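>>> Need coordinates for the below:
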Amino acid sequence: MLDLIILSLHYFICFLICVAIWRGPKDVDLNTSSTGGAETGPDGLVFIGKEEDIKKSQRITAKVDGREIVVFYHEGKFHALDSRCYHEGGPLCRGEIEDIDGQACIVCPWHKFIITLETGEGLYEGRNPQEPAAKPKWQSKGVKQRIHKVTIDSGNVYVSPPDLSVSFDSDYYADKYKNGGELAM
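Sure thing, here's the model as predicted:
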């Protein structure tokens, strides 16, 4: 009987740990819709946070015009992009940043798709089929992920609202998760 109680207690503790991991820490959510509530800066830019706070945390998520974005601080530079991977909507805010062929890239935690922070290009490692002995090389799939311009002004970090006249593959998941995007995180 004691074994059954210990086993039940063990499963209950494992369940609580799983729930704690699944829920995880909450990211910052600035409800920045065009109807108000957003703090805007110079030239209609959207306030994301204090420069020092983002440097310490290395990343922050926010909403810009209802769109979930992630701002990374990596090797002295700020980068902002849609927070959902262009491939299947994986949460890039939970991905690891890696140096790939001299470029800072975010690796999607769901399917390991690689996206450059600077340009939003999808990268893959491929071989030239006409040279079977050739080593694989990193190649671009083109710009797949929408990036957002980051502006620093008086210690504040701002992001430009997206220019929706040009479309990117990541727009599909940005729109899909526009309302309640944190549900799939």
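>>> Asp175: neighbouring residues, count only.
The local packing count at Asp175 equals 14, with neighbours defined by other Cβ atoms under 10 Å. Using the backbone N, CA and C atoms, a C-beta is placed for each residue, glycine as well.
>>> Same check on the one 3 residues further on?
Residues contacting Lys178 under the criterion other Cβ under 10 Å number 15.
>>> Would you agree it is in contact with Arg67?
Yes - Lys178 lies in contact with Arg67 (Cβ atoms under 8 Å); the separation is 6.2 Å.
>>> In this structure, where's the longest helix?
helix 2-23 (DSSP state H).
>>> That helix packs against which elements?
Contacting helix 2-23 under the criterion 3 or more Cβ pairs under 8 Å, 6 or more residues apart in numbering; DSSP states H and E is no other helix or strand.
>>> where along the chain do the helices fall?
2-23, 51-57, 171-176.
>>> Can you tell me the closest non-neighbouring residue to Lys178?
Gly66 (5.1 Å; Cβ to Cβ, 6 or more residues apart in numbering).
>>> Just confirm that neighbour contacts Ala174, I think it does.
No - between Gly66 and Ala174 there is no contact under Cβ under 8 Å: 9.2 Å.
>>> between the two, which one's more packed in?
A count of neighbours by other Cβ under 10 Å puts Ala174 above the other of Gly66 and Ala174, at 24 against 16.
>>> List the contacts of the more buried one.
Arg67, Glu68, Asp82, Ser83, Arg84, Arg146 (Cβ atoms under 8 Å, 6 or more residues apart in numbering).
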